[in-house]
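Undergrad: Everything below, folded, please.
(2 chains)
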Amino acid sequence: MAHEHEHDRSAADEASEYDIPAIERKWQGVWDELKPFASGNPEDKRPRKYVLDMFPYPSGDLHMGHAEAYALGDVIARYWRLQGFNVMHPIGWDSFGLPAENAAIKRGIDPRVWTYANIDQQKASMRRYAASFDWDRELHTSDPEYYKWNQWLFLELFKKGLAYRKDSWVNWDPVDQTVLANEQVLPDGTSERSGAIVVKKKKTQWYFKITDYADRLLDDLNQLEGAWPSKVIAMQRNWIGRSVGADVDFEIEGRAEKVTVFTTRPDTLYGATFMVVAPDSDLAAELVAGSTATARMAFQDYLEQVQKSTEIERQDASRPKTGVSLDRFAINPVTGERMPIWVADYVLADYGHGAVMAVPAHDQRDLDFAIKFDLPIRVVVDTNAPITTSIPVLELDENGEAILPDDLPPLDPRSTGTALTGDGRMINSGPIDGLSKTHAIKKIIEQLSAAGNGRAAKTYRLRDWLISRQRYWGTPIPIIHGSDGALLPVSEDQLPILLPPTEGLDLQPKGQSPLGAAEEWVNVPDPRDGSPALRDPDTMDTFVDSSWYFLRFLNPNDETQAFDPRLADKWAPVDQYVGGVTHAILHLLYARFITKVLFDLGYVGFTEPFTALLNQGMVLMEGSAMSKSKGNIVSLSEQLDLHGVDAVRLTMAFAGPPEDDIDWADVAPAASAKFLKRAWRLAGDVTSSPDIEWRTGDQALRRLTHRFLAEGPGLIEAFKFNVLVAKIMELVNATRKAIDTGAGGGDAAVREATEVIAIALSLFAPYTAEEMWQKLGYEPTVALAGWRKADPTLLVEDSVTAIIQVDGKVRDRVTVSPKIGSDELEKLARASAGVVRAVGDREIVNVIVRAPRVVNIATK
RNA sequence: GCCUCUGUAGCUCAGUGGAAGAGCAGAUCCGUCCUAAGGAUAUGGCCGGGGGUUCGAAUCCCUCCAGGGGCACCA
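TA: Numbers count the residues shown, from 1 in each chain, chains lettered A, B, ... in the order given. Next up, the predicted model:
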């Protein structure tokens, strides 16, 4: 620090001190005035990019997880701005939902009050955090101006038959007293929100018909390959769970209608020796009703036992098989054999048709069951037979059996206990004998189709999206129930249907929507004839809100439409989406679905909402997720007060690859703060003026600077933020060295490097970067300074070191021109002292030359 | 059980056929009334183990081990 400042430090201007709180205050004001992150100017000629962070639920204050996500998303937004793009980087609030309602109940206040107070608080923290959001686009999903368009969207789906009511078994959360979508139930059978064990209830509810889009949701994942994390793509594929096979109809003795089952292995139909029906299915109840009294009693006992078991128990595949016979029979359509019908809980009521044809020889579950209950087993695929891609021609003996090598294991699943699930050659299967699996499947489907008792079929694990919720703080469903049961859509000019005030309403969860008790609200005239009718009392799943919010950001204040299709053409889909992997299925699947619906309705011209996706990891503390119960919560505001916003943001970016978790115990925000101050000091030590001629500067430092400029964009675009930060550190160290022991503070290369450092740091540490930029003699803002182009002449080295190996070991090295020829390099290598010594009197058998980098001399 | 990702310095990670690297932390020294800021220097590695391919392997192939994630009675 210069001496003259030491005497009047108290009066020193802000710029001569690295006074973090003062710097933060100063630049927030400047940004508010300059609005460098506004993206709404229609005259703006820059190319456009849409960078979106998943919007937060307003829980009260920012936490470490938000801090990581918004730091990383901001790096990308700021980077594209430096590359000359008009970047739309909006933020809003996912402000409907249960936490607000539960908090309101606890405190006896309106959820609105709690929600909007939280938003105010959280917004202040966010502004301090200096994410480069375009605040002009802020939206709240709990505003009537927003949820009006949820209702519009619902009606669009209703008109298309994609929103419908059905009576079905639903997931019921006994704590929050509401139904849940399948996606909101964790694999262990608990609610993702309340943690309660979810139970099944039979209820009539609203669904969105996402299963109509199952194929497109699955197939379009291919477009996202490489642009979305492969983990998320895999999870979505699993979730949709398409199986390809056939439906086969079985005649039932004593029943007029056939029973259809789905199978992925229609080729094994000749080996189907019994049928298994889900115990909790309507089919089982009906079949047993027509059976003997003994069967009915056994079934009743079994059903009760099944219904007592939890979802977790039921999902344990290692559990021994259980079941009872219904004493009814199906007829195998190809063999004509009688097949006993059993019920067993390994068959699920809500998958396929709730019944399976059991092929014990070739399916492990069926085999386990057949062995336990001594049911017939017939092998129909010879898995020992060789497979060819065409119809195989095999050596057969006089009985028509394939001639096999002696050492193959026998085909006897009953004694081995292992089903033969592999490919092979069909046997015991009449007209399809001799075929391989693929051909047999094709042929049997043809035969079944021709006979009218089967057809090709697909089935999915994906279920329709249950969107009704029996709670207050959400979007009212725009449907009126006529006294005759008619479902009457509210006309669009009546929207929004506002939530009634909470006064006089009991929000306490009790299994029925609190809205149903709002007499004045719920009782409406039938739009057809004015007779008494009722509003639908349920509210929508808040995932409806977030399934299209990225479009509302385009013109969040538009009162005439949900979004402007012309703006959607310009800005959407989102170029870069950033958020946690917790939404890998839920939100992302729903948003993809709604986007495809909007495409089909002609509102948007694209079918995928998020072109690229980055999942950031979690912030942990000492190896585990931060939680109140563990008592390991690190307070973000404390960290910000301690180290400054810039240091915390830099730490988030530097800690590792963005998708990895950050353990706050392993990182050093204080070291980041130290580094930032070190970088900041460079700007004060630059004594040249901005118009200095770069070319006169120190060449070594210039080379380093321009190599940095050349590789920076690739690192950012590959999300290797941590690597870029390490490179900035290197550049800072080299510049420091040039100032102290080399070219000095007046050198042009020192100024150039420091400017580049300020620009690069603006991605991670905006306050420090602005401060440096100003010290270097420029007007704000560094955020729009632009990423400089690397000078290609500074990227080529004028000499390189070639290594000389003898038998793979380095024995010498020579400094050569990067353009040296192979012959010349080989000559140099053979003559080198190290090589002569190492080779000695051995014979040289081979010389590999890779000019200009390496020569390897092999000896005998 | 199946699928998938990851094992490189104390920590976080680069490097993905051609000399094992960076940042941070730690160590020592300079500096200082003390502390700190600041600066300098050196240290630190069976590249998870084993086998193979190659003139040459951290890098490619096989196999095993360890850890993370996902799926799992879905016919």
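
Undergrad: Around residue A:799, how many other residues sit close by?
TA: Neighbours of residue A:799 under the rule other Cβ atoms under 10 Å: 11. (Glycine included, C-beta is placed from N, CA and C.)

Undergrad: show me what contacts the residue nearest the centre of chain A?
TA: Chain A has residue A:584 as the residue nearest its centroid, 3.1 Å off, counting by Cα atoms, centre = their mean. Shown in contact with residue A:584 (Cβ atoms under 8 Å, 6 or more residues apart in numbering): A:231, A:232, A:235, A:236, A:615.

Undergrad: how about a cut-off of 6 Å?
TA: Counting by Cβ atoms under 6 Å, 6 or more residues apart in numbering, residue A:584 makes contact with A:232, A:235.

Undergrad: so how far is residue A:233 from it?
TA: 9 Å (Cβ to Cβ, to the nearest Å).

Undergrad: and the residue nearest to the centre of chain A, what are its phi and psi?
TA: Per-residue torsions, residue A:584: phi -50, psi -40 (degrees, to the nearest 10).

Undergrad: Now tell me what touches the longest helix anywhere in chain A from outside.
TA: For chain A, the longest helix by residue count, based on DSSP state H, is helix A:721-741. Residues outside helix A:721-741 that contact it (Cβ under 6 Å, 6+ apart) are A:75, A:653-654, A:656, A:679, A:682, A:685, A:698, A:701, A:704, A:708, A:712, A:715, A:745, A:750, A:753, A:757, A:760.

Undergrad: Try it again at 8 Å.
TA: With contact meaning Cβ under 8 Å, 6+ apart, helix A:721-741 is reached by A:72, A:75, A:650, A:653-658, A:675, A:678-679, A:682, A:685, A:698, A:701, A:704-705, A:708, A:711-712, A:715-716, A:744-745, A:747, A:749-750, A:753-754, A:756-757, A:760-761, A:763-764.

Undergrad: Kindly provide the whole-number mean pLDDT of whichever helix or strand comes after it.
TA: The C-terminal neighbour of helix A:721-741 among helices and strands, as given by DSSP states H and E, is helix A:748-761. Averaging pLDDT along helix A:748-761 yields 94.

Undergrad: what's the answer for stretch A:541-553, then?
TA: Across stretch A:541-553, the average pLDDT comes to 95.

Undergrad: just the helices in the stretch 751-860 of chain A please.
TA: Under the criterion DSSP state H, counting those that start in this stretch, the stretch 751-860 of chain A contains helices at A:766-775, A:822-831, A:833-839.

Undergrad: deepest of those helices, which one?
TA: Ranked by mean neighbour count, the helices of the stretch 751-860 of chain A are led by helix A:766-775 with a mean of 25 (mean count of other Cβ atoms under 10 Å).

Undergrad: That helix relative to helix A:748-761, how many degrees between them?
TA: 150 degrees (axes from the mean of the first three to the mean of the last three Cα atoms, to 10 degrees).

Undergrad: what comes into contact with helix A:766-775?
TA: Taking Cβ under 8 Å, 6+ apart as the rule, helix A:766-775 contacts A:15, A:18, A:20, A:23-24, A:27, A:30, A:78, A:130, A:132, A:644-646, A:649, A:676, A:679-680, A:682-684, A:686, A:754-755, A:757-759, A:761-762, A:780-783, A:785.

Undergrad: Tell me where the stretch 551-700 of chain A has strands.
TA: In the stretch 551-700 of chain A, the strands defined using DSSP state E, counting those that start in this stretch lie at A:576-580, A:613-616, A:619-621, A:624-625, A:662-663.

Undergrad: hang on, the earlier thing: give me the buried subset of the contacts of helix A:766-775.
TA: A:15, A:18, A:20, A:23-24, A:27, A:78, A:130, A:132, A:644-646, A:649, A:676, A:679-680, A:682-684, A:686, A:754-755, A:757-759, A:761-762, A:780-783, A:785 (16 or more other Cβ atoms under 10 Å).

Undergrad: Intersect these with the contacts of RNA strand B.
TA: Among the buried ones among the contacts of helix A:766-775, no residue lies close to RNA strand B (Cβ under 7 Å from any atom of the strand).

Undergrad: In the stretch 51-200 of chain A, what residue lies closest to RNA strand B?
TA: For the stretch 51-200 of chain A and RNA strand B, the shortest gap (Cβ to the nearest atom of the strand) falls at residue A:187, measuring 4.6 Å.

Undergrad: Grab the nearest non-local neighbour of that residue.
TA: In this structure, residue A:187 finds its nearest non-sequential neighbour in residue A:315, 8.0 Å apart by Cβ to Cβ, 6 or more residues apart in numbering.

Undergrad: again, but for residue A:383
TA: residue A:424 is the one closest to residue A:383 (Cβ to Cβ, 6+ apart), at 3.8 Å.

Undergrad: Kindly confirm whether my reading is correct that that neighbour touches residue A:380.
TA: No - using Cβ atoms under 8 Å, residue A:424 makes no contact with residue A:380, being 9.3 Å away.

Undergrad: now residue A:271: how far from residue A:445?
TA: Taking Cβ to Cβ, one finds residue A:271 at 16 Å from residue A:445.

Undergrad: For the stretch 651-800 of chain A, which residues are neighbours of RNA strand B?
TA: So far as Cβ under 7 Å from any atom of the strand goes, the stretch 651-800 of chain A lies against RNA strand B at A:654-657, A:660, A:663, A:666, A:668, A:671, A:674-675, A:677-678, A:720, A:722-723, A:726-727, A:729-730, A:733, A:736-737, A:740-741.

Undergrad: Narrow those to those that are buried.
TA: By 16+ other Cβ under 10 Å, those give A:654, A:655, A:656, A:663, A:675, A:720, A:722, A:723, A:727, A:736 as buried.

Undergrad: Nearest to RNA strand B among these?
TA: Closest to RNA strand B, out of all of these and judged by Cβ to the nearest atom of the strand, is residue A:656, at 3.0 Å.

Undergrad: With adjacent residues omitted, what lies nearest to the closest one?
TA: Of all residues not flanking residue A:656 in the chain, residue A:722 sits nearest, at 5.5 Å (Cβ to Cβ, 6+ apart).

Undergrad: roughly how far is stretch A:259-272 from the heart of the chain?
TA: 36 Å (Cα atoms, centre = their mean, to the nearest Å).

Undergrad: Would you mind measuring the gap between the ends of it?
TA: Chord length of stretch A:259-272, first to last residue, is 14 Å (Cα to Cα, to the nearest Å).

Undergrad: Return the per-residue confidence for residue A:347.
TA: So residue A:347 comes in at 92 (pLDDT).

Undergrad: what number of residues lie near it?
TA: Neighbour count of residue A:347, defined by other Cβ under 10 Å: 27.

Undergrad: Same check on residue A:36?
TA: If you count neighbours by other Cβ under 10 Å, residue A:36 ends up with 15.

Undergrad: where does it land in three-state SS?
TA: coil (DSSP: H, G, I helix; E, B strand; the rest coil).

Undergrad: close enough to count as contact, it and residue A:785?
TA: No - using Cβ under 8 Å, residue A:36 makes no contact with residue A:785, being 10.5 Å away.

Undergrad: circling back to that earlier point, helix or strand: which one has the residue of the stretch 51-200 of chain A closest to RNA strand B?
TA: When elements are assigned from DSSP H and E, residue A:187 belongs to no helix and no strand.

Undergrad: what angle sits between the helix or strand that contains residue A:78 and strand A:576-580?
TA: Using DSSP H and E, residue A:78 sits in helix A:64-82. Relative orientation of helix A:64-82 versus strand A:576-580 (the same axes, to 10 degrees): 170 degrees.
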